[in-house]
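give the three-dimensional model of this entry:
(one chain, ligands or ions: 1)
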Amino acid sequence: MLTWLVPQLWGSGVVAVHGTMFRPAELDGFIAERAGRLIGLLTYDIAGDMLEIVTLNAIERRVGIGTMLVDAAVSVARRSGCHQIRLTTTNDNVDALRFYQRRGFRLAELRPGAVDRSRRDKPEIPRTGDYGIPLRDEIDLMLLV
Ligand SMILES: CC(C)(COP(=O)(O)OP(=O)(O)OC[C@H]1O[C@@H](n2cnc3c(N)ncnc32)[C@H](O)[C@@H]1OP(=O)(O)O)[C@@H](O)C(=O)NCCC(=O)NCCS
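Next up, the predicted model:
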């Protein structure tokens, strides 16, 4: 299922962040379902004591799906002995920046031009992102757990 869903949500089966290529369909994660219908998806990767949220999507917004999936990731991180959760978003994604900061995540790193560099290998990355904002930079957020 995820092999067709991830490209629909992210424009490709491969997600490029901080110079690493992830295939979300091959990662562990959580699916939120209601009445047999998929309404949310989170995928993650664990490396050392860090859990990285690679993708998070709420198909229906502002009904609590994103919060539920992040809470599930926090539980996995704690159970797995991870001390931090990291994720990368982009400069245009002000909804995600708001969402994560409201849930305790802190801005951790800014990589100016990182999306422009990824676009050289992955030309399908759009030039314009949410709210018509030029899509250029990566921003990492971190939560200590
Ligand atoms: C970022 C994203 C995952 C947030 O998911 P979401 O399911 O909309 O988030 P939630 O519904 O849990 O919370 C959003 C807000 O809705 C509110 N909310 C939740 N249920 C609600 C309800 N029943 N009635 C009214 N408001 C509600 C929450 O309180 C929250 O507001 P707050 O941040 O001020 O507390 C979602 O916007 C998304 O999928 N974006 C596209 C993909 C993306 O950018 N992913 C992140 C980058 S990895």
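
and the helix or strand of the chain with the lowest mean pLDDT, what other elements does it pack with?
Scoring the helices and strands of the chain by mean pLDDT, DSSP states H and E places helix 2-10 at the bottom, with a mean of 82. Secondary-structure packing of helix 2-10 (3 or more Cβ pairs under 8 Å, 6 or more residues apart in numbering; DSSP states H and E): strand 37-47, strand 50-58. To be clear about C-beta, it is placed using only N, CA and C from the backbone, and glycine gets the same treatment.

between those strands, which gets nearest to the ligand?
strand 50-58 (3.0 Å; Cβ to the nearest ligand atom).

chain center to the very next helix or strand once past the closest one, what's the gap?
Sequence order places helix 65-79 as the next helix or strand after strand 50-58, per DSSP states H and E. Averaging C-alpha positions (Cα atoms, centre = their mean, to the nearest Å) puts helix 65-79 13 Å from its chain's average.

any chance of the helices and strands packed on helix 2-10 in CSV, with distance to residue 2 too?
Shown next, in CSV, are these (distance: least, Cβ to Cβ, whole Å):
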stretch, distance to residue 2
strand 37-47, 7
strand 50-58, 10
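
out of those, which one sits most buried?
Ranked by mean neighbour count, these are led by strand 50-58 with a mean of 21 (mean count of other Cβ atoms under 10 Å).

what is the mean pLDDT for that strand?
The pLDDT scores in strand 50-58 average 97.

what are the contacting residues of it?
6, 9-10, 15, 17, 22, 24, 27, 29, 32, 39-46, 65-66, 69-70, 73, 76-77, 80, 82-87, 96 (Cβ atoms under 8 Å, 6 or more residues apart in numbering).

show me which residues of the chain sit near the ligand.
55-58, 61-67, 87, 89, 93, 95-96, 99, 102 (Cβ under 6 Å from any ligand atom).

much appreciated, bye for now.
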